[in-house]
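Enquirer: Here is my input, please return the structure:
(chains A, B, C and D)
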Number of protein chains: 4
Amino acid sequence: MEFGITFKGFVSPDRARYLVRQAEAAGFDYCWFYDSHVLWRESYVAMAMCMEHTTRMRFGPCVTNPNTRDWSLAASLFASLAKQSKGRFDIGLGRGDSAVRVMGKKPATLARLAEFAEKVKALVRGEEVIYGECPEPVKFPWVDGYELPVWIGAYGPKALKTAGEIGDGLILQIGDPALVKWFRDQAIEAGNAAGRDMSKFRVMAAAPAFVGDMDYCIEKTKWFPAMVGNHVADIVEKYGFDSGLVPQSLTSYIEKRRGYDYSKHGQSDNPYLDFITDDIVESFCVLGGADQHITKLRNLEEAGVTQFNIYLDSGDEEKIIADYANHIIPALNKNK
Amino acid sequence: MEFGITFKGFVSPDRARYLVRQAEAAGFDYCWFYDSHVLWRESYVAMAMCMEHTTRMRFGPCVTNPNTRDWSLAASLFASLAKQSKGRFDIGLGRGDSAVRVMGKKPATLARLAEFAEKVKALVRGEEVIYGECPEPVKFPWVDGYELPVWIGAYGPKALKTAGEIGDGLILQIGDPALVKWFRDQAIEAGNAAGRDMSKFRVMAAAPAFVGDMDYCIEKTKWFPAMVGNHVADIVEKYGFDSGLVPQSLTSYIEKRRGYDYSKHGQSDNPYLDFITDDIVESFCVLGGADQHITKLRNLEEAGVTQFNIYLDSGDEEKIIADYANHIIPALNKNK
Amino acid sequence: MEFGITFKGFVSPDRARYLVRQAEAAGFDYCWFYDSHVLWRESYVAMAMCMEHTTRMRFGPCVTNPNTRDWSLAASLFASLAKQSKGRFDIGLGRGDSAVRVMGKKPATLARLAEFAEKVKALVRGEEVIYGECPEPVKFPWVDGYELPVWIGAYGPKALKTAGEIGDGLILQIGDPALVKWFRDQAIEAGNAAGRDMSKFRVMAAAPAFVGDMDYCIEKTKWFPAMVGNHVADIVEKYGFDSGLVPQSLTSYIEKRRGYDYSKHGQSDNPYLDFITDDIVESFCVLGGADQHITKLRNLEEAGVTQFNIYLDSGDEEKIIADYANHIIPALNKNK
Amino acid sequence: MEFGITFKGFVSPDRARYLVRQAEAAGFDYCWFYDSHVLWRESYVAMAMCMEHTTRMRFGPCVTNPNTRDWSLAASLFASLAKQSKGRFDIGLGRGDSAVRVMGKKPATLARLAEFAEKVKALVRGEEVIYGECPEPVKFPWVDGYELPVWIGAYGPKALKTAGEIGDGLILQIGDPALVKWFRDQAIEAGNAAGRDMSKFRVMAAAPAFVGDMDYCIEKTKWFPAMVGNHVADIVEKYGFDSGLVPQSLTSYIEKRRGYDYSKHGQSDNPYLDFITDDIVESFCVLGGADQHITKLRNLEEAGVTQFNIYLDSGDEEKIIADYANHIIPALNKNK
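Expert: You can find the predicted model right below:
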């Protein structure tokens, strides 16, 4: 199983420099960054910085989108980082959320996302490319054939289909093994239907991890189900409450949430956290003592997860990485 | 006198890593990069990389422009690099040449250049900013009041006026002391006329430097007068051949070049180099033995130059930096 | 107040590289290493490595001794490390404990320790020096006048006198404020008696620190009073149980320990830990919640301590440094 | 063919940091340091520093000796550096020249050299070792079985025999292909006679290299034949002038030198350089244009040399490394 960490822009440069070294020494394989250049620092120069302090770890945005940057700019960033790091660069790709909304722009359609993936891969590889905004074909004379891995972030059935059809990997922003399997199977199925060999297809579960007393862990990670709530609610509503696929704890969570939404509609304060039960937090994140992490990660692995990616957003970052180094990663990868 | 080096994207990452260390140890103060993300690698991630290998040296594009990047993207890059390097970041700014033309875009007007400088400085400082393309005001919550130094690249009288009125510095792409003085005085005058205190105004002369036998030096740097020829020709024509300000060698160079342009108009091969005489190359660059460099740099200093910026484009880069370290910088800055 | 950390050789190179970065970012001023080249790795090359990953932090052995290395070898190491780090090198000096005993050698006399300090300082400074083992005078042609700070480790009255008379600082391996003051005052008094200006004299308290539940902290640091027990017992016996200077908890600890020593004399197992009471561990170390650390460190500061040096020997190293960064150092140095 | 560079202590830390990066990027495989801690800085902490700036390059003293350091100190340094660099550490070993003489000590016998190699290898590997000076057996609990490569510096027949019998490699301080072959064959023969498999035995030719006009090259490297003259003279005398093995230019050089030695015996000025003819300098070093380097290095390769090690002692260091990077190493290793 691969392990990743994800930084928001909150982390100071001095901390990022040693945290990536700590994570690499701990056995982490990937360091991802939120790509949202107004809310946080520009992630690509942070990646460039962190690459100088690592030799094996891979980097990438988690996730970028087709609407923030002119595609030649995006592709030049990606190809340059791949070259500087001797090939340690992937991208995570979504339709665009905070990064585009904060500028008053809109998320991209799935068709545009797929075209972005194709054109940017071609530019990074060294091909001449024509794309919408650019009046002339673009070709980088300085690249050398790097094949850019593209992971696609998805929840909904159409996005999962796109991920399976064109992605090198799938990003699932949730830590519940049953849900992960349910999402992942849809992508694999779409890939198979499109005639792809899905044996190398990669599946990331991205969620907070917190080691310690369960009450403390839940308190620290309660923000996460709130953040993914909207996405999950859409899915639950679309697939129905009686499909048998969605866990009981989740359907009741969404029911409460819906009721709540209706009664408090239009209020400016955010009372959503009250409706997030402890078992939802526990289900969506990876929490508790080291043994509980190991058990849950084994379940995720069985559900098809190839990479567990920790959102380092909740404090105690040094301690979490150290606990993964000392107890959890060795247990999961003991045969490596 | 400050000293700088300028990289194009040609330099491999492994070479860049040690060349900036060599240059910093040699006493160089600045490392500039061409900003032209299609022709060469994306310079900002190269700067981020080089910052990790230096502690004192400053970095910046030489030059960026207002038309390649959405302004929030540009400002986020600048502020992020300033933060990562603890304040070692400036920008050089022009109207846009290869970076925009290669994408079929046009250079910016001087008014747009001035607005870009103002808005980007404000964003980097932390202010809320509204600019043309963006439907909503933008503000970076993560910045901390950095004052971004903006150097403006200029040849023509209007650009020189803009540089003097709003720039922190002026970039002159030529090594001839008399011409430098003539350009520089126009900017200073414009600044004074606008009521600015010009005592801290900075003036960069950017040109190739080559140490060795003069014939060898000229052979290696002949490309430079060809590159700046168009710009200089415009100036000479505008100011006339008898103004007394433009050196004889230059006016005769432009005369030959004009005749050439007319007779060979439309030919696809580039025969311009034939018309560049040795004394023009010698005048535009800094060439010869160490003593000749020292003499010329003293003349540039008297002409008002505060930074000599070497275009490292012509080979022998390690040797040139070593010669500046051992012989030339110590002679110029012996009282430092 | 200055803060330090101390590594034994246990730390892997990859961990040391990021732990010093973490500690420097956290506000720690010193990183010390045990110097015992058989039991652990050679500390000086580890220091050289760590210097490359820091810019402000100082390094040194805690402690070296006059009997492990030929004095020219010792002085060459010290001067070389001072030069490589641009002056970020001190030494801690003792009579020699594990480093010499493990080779069947004996600790040095205090007179030899004082001579070593004097001769090594002179060699590092660039003077020609004659010393016992060397048939010819030695002088380093490559040094440049560095004044090597020498901190002397001491418990007993004669060693404290030597520290006060010739040291730049005093190393006290104990975290009890009252004992620290009692030891420290003896060194200051000796320095004053010798006519030195003791206003810049530095006093380090070196002890484990552990943040968390007190029982857990005590369990993790119980080894420390055992290690310092012999030294302290000597002092208590020498000064008597009724002097009024030694705290009640300590005298009763030593009484129990003595009785134990007599009854179990010559047994090969080490049952000493049974006699170390919780209040002794709490008194000798810095333990508990962040507030308890802050209170104790303020007491140590009032007792004359200028540097608190954490023995990183007990696990949870990343967490301890993070807790000091986030809560403890800012509280102690808030007016800095 | 492998390539190495050798630093004396003259190089400043800031230069060493980028020169090793330049050399690694250029394709050099080894960076060696003189080990003479009084005349120059302590080389092992310089190696530790340089290791942090390289990932592939190997380091070692060229040469250390059995008489400067207690053997446990030497072995702890070696094993620690091997561990810090993940196995990028060899040693060169000689009987002791400047490093011991400057302290009034004597070179070691060949028997002692062989014992040092054996015991130090065993300590580094993790075995318990008893050696002369140490009253108790020594064993490093922290090592992990590293096999330390030992290259032996030799000129004379007995030293060459020892090198062949126990060394992993042979260091020849001379660049003349015929002499190199003559020395090398003696070592190989001794190894074969001892029943060793000599197919992996490595042979280094260490000499200055200088690129440029031959007169300038000779002027810059004339010090080298003077330095090796004593050693070579001993050999020539021992083997006779008519053996047919020693080149004519060399025997006449030694004849002139002998006469000189007798007539000017005891004078304090050093007139030896007068007797070093240009062809001797050319023969002992690698000089001239890039083509001349390539030809000579091919001859050395045919003579059995597996590594050419450049003494970087003569100026123009950055340029020499760059010339090797751009022209010479690619020509020699084009099939790699």
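
Enquirer: Tell me the buried residues in stretch A:104-121?
Expert: A:105, A:107-108, A:110, A:112-117, A:119-121 (16 or more other CB atoms under 10 Å in any protein chain shown). All C-beta atoms are positioned from the backbone trio N, CA, C, and that covers glycine.

Enquirer: Just give me the closest of those residues to A:Ala178.
Expert: Nearest to A:Ala178 among those is A:Leu110, at 25.3 Å by CB to CB.

Enquirer: Hmm, the closest one is touching A:Gly96, no?
Expert: No: assessed by CB atoms under 8 Å, A:Leu110 is found out of contact with A:Gly96, at 11.5 Å.

Enquirer: could you say what helices and strands the helix or strand that contains A:Val228 packs with?
Expert: Assigned by DSSP states H and E, A:Val228 belongs to helix A:223-239. With contacts taken as 3 or more CB pairs under 8 Å, 6 or more residues apart in numbering or on different chains; DSSP states H and E, helix A:223-239 sits against helix A:248-263, helix A:278-284.

Enquirer: Tell me the buried residues in that helix?
Expert: Neighbour-count burial for helix A:223-239, counted by 16+ other CB under 10 Å, picks out A:Trp223, A:Phe224, A:Pro225, A:Ala226, A:Val228, A:Gly229, A:His231, A:Val232, A:Ala233, A:Ile235, A:Val236.

Enquirer: what would these look like in JSON lines with distance to D:Arg88 and pLDDT?
Expert: Converted to JSON lines, the buried residues of helix A:223-239 look like this (distance: CB to CB, whole Å; pLDDT from 0 to 100):
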{"residue": "A:Trp223", "distance to D:Arg88": "45", "pLDDT": "87"}
{"residue": "A:Phe224", "distance to D:Arg88": "43", "pLDDT": "90"}
{"residue": "A:Pro225", "distance to D:Arg88": "48", "pLDDT": "87"}
{"residue": "A:Ala226", "distance to D:Arg88": "50", "pLDDT": "81"}
{"residue": "A:Val228", "distance to D:Arg88": "46", "pLDDT": "82"}
{"residue": "A:Gly229", "distance to D:Arg88": "52", "pLDDT": "76"}
{"residue": "A:His231", "distance to D:Arg88": "49", "pLDDT": "76"}
{"residue": "A:Val232", "distance to D:Arg88": "51", "pLDDT": "75"}
{"residue": "A:Ala233", "distance to D:Arg88": "55", "pLDDT": "77"}
{"residue": "A:Ile235", "distance to D:Arg88": "52", "pLDDT": "75"}
{"residue": "A:Val236", "distance to D:Arg88": "56", "pLDDT": "76"}
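
Enquirer: would you turn these into JSON lines with distance to C:Cys217?
Expert: JSON lines is the format used below for the buried residues of helix A:223-239 (distance: CB to CB, whole Å):
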{"residue": "A:Trp223", "distance to C:Cys217": "30"}
{"residue": "A:Phe224", "distance to C:Cys217": "31"}
{"residue": "A:Pro225", "distance to C:Cys217": "34"}
{"residue": "A:Ala226", "distance to C:Cys217": "35"}
{"residue": "A:Val228", "distance to C:Cys217": "37"}
{"residue": "A:Gly229", "distance to C:Cys217": "39"}
{"residue": "A:His231", "distance to C:Cys217": "43"}
{"residue": "A:Val232", "distance to C:Cys217": "41"}
{"residue": "A:Ala233", "distance to C:Cys217": "45"}
{"residue": "A:Ile235", "distance to C:Cys217": "46"}
{"residue": "A:Val236", "distance to C:Cys217": "46"}
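
Enquirer: and which of those residues is nearest D:Leu81?
Expert: Out of the buried residues of helix A:223-239, the member with the shortest distance to D:Leu81 (by CB to CB) is A:Phe224, at 45.5 Å.

Enquirer: contacting residues for the nearest residue to the closest one once chain neighbours are set aside?
Expert: Spatial nearest neighbour of A:Phe224, chain neighbours left out: A:Pro208 (5.1 Å); criterion: CB to CB, 6 or more residues apart in numbering or on different chains. With contact set as CB atoms under 8 Å, 6 or more residues apart in numbering or on different chains, A:Pro208 has these partners: A:Gly175, A:Lys220, A:Thr221, A:Phe224, A:Cys285, A:Val286, A:Ile310, A:Tyr311, A:Asp313, A:Ser314.

Enquirer: Same check on A:Asp234?
Expert: Contact analysis of A:Asp234 by CB under 8 Å, 6+ apart lists A:Tyr155, A:Gly156.

Enquirer: Give me every residue in the stretch 201-336 of chain A lying close to chain B.
Expert: By CB under 8 Å from any CB of the partner chain, no residue of the stretch 201-336 of chain A approaches chain B.

Enquirer: Can you show me the strands along chain A?
Expert: According to DSSP state E, chain A carries its strands in the segments A:2-7, A:30-33, A:58-61, A:91-93, A:150-153, A:169-172, A:202-207, A:209-211, A:286-288, A:307-311.

Enquirer: Reformat those into TSV and put mean neighbour count and mean pLDDT next to each item.
Expert: Converted to TSV, the strands of chain A look like this (neighbours: other CB atoms under 10 Å in any protein chain shown; pLDDT from 0 to 100):
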stretch	mean neighbour count	mean pLDDT
strand A:2-7	23	97
strand A:30-33	26	98
strand A:58-61	26	98
strand A:91-93	29	98
strand A:150-153	26	98
strand A:169-172	26	98
strand A:202-207	24	98
strand A:209-211	25	95
strand A:286-288	24	97
strand A:307-311	25	98
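
Enquirer: Specify the stretch among those that is closest to D:Thr251.
Expert: For the strands of chain A, the distance to D:Thr251 is smallest for strand A:58-61, at 62.1 Å, taking CB to CB.

Enquirer: Need the contact partners of the closest one.
Expert: Contacts for strand A:58-61 (CB under 8 Å, 6+ apart): A:29-35, A:43-44, A:47, A:50-51, A:81, A:85, A:88-92, A:151.

Enquirer: Against chain C, which of these make the cut? List them.
Expert: Okay, of the contacts of strand A:58-61, nothing touches chain C (CB under 8 Å from any CB).

Enquirer: hey, C-alpha coordinates of the helix holding A:Val228 in PDB?
Expert: What follows is helix A:223-239 as a C-alpha-only set of coordinates in PDB (Å, rounded to 0.1, in the frame of the first residue of the first chain):
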ATOM      1  CA  TRP A 223     -14.600  19.200   9.900                       C
ATOM      2  CA  PHE A 224     -14.000  16.500   7.400                       C
ATOM      3  CA  PRO A 225     -17.500  14.900   7.100                       C
ATOM      4  CA  ALA A 226     -18.900  18.400   6.900                       C
ATOM      5  CA  MET A 227     -16.700  19.200   4.000                       C
ATOM      6  CA  VAL A 228     -17.500  16.000   2.100                       C
ATOM      7  CA  GLY A 229     -21.200  16.100   3.200                       C
ATOM      8  CA  ASN A 230     -22.500  17.900   0.200                       C
ATOM      9  CA  HIS A 231     -20.900  15.500  -2.200                       C
ATOM     10  CA  VAL A 232     -22.100  12.400  -0.400                       C
ATOM     11  CA  ALA A 233     -25.600  13.800   0.100                       C
ATOM     12  CA  ASP A 234     -25.900  14.100  -3.700                       C
ATOM     13  CA  ILE A 235     -24.900  10.500  -4.100                       C
ATOM     14  CA  VAL A 236     -27.200   9.200  -1.400                       C
ATOM     15  CA  GLU A 237     -30.100  11.100  -2.800                       C
ATOM     16  CA  LYS A 238     -29.400   9.900  -6.300                       C
ATOM     17  CA  TYR A 239     -29.000   6.300  -5.400                       C
END
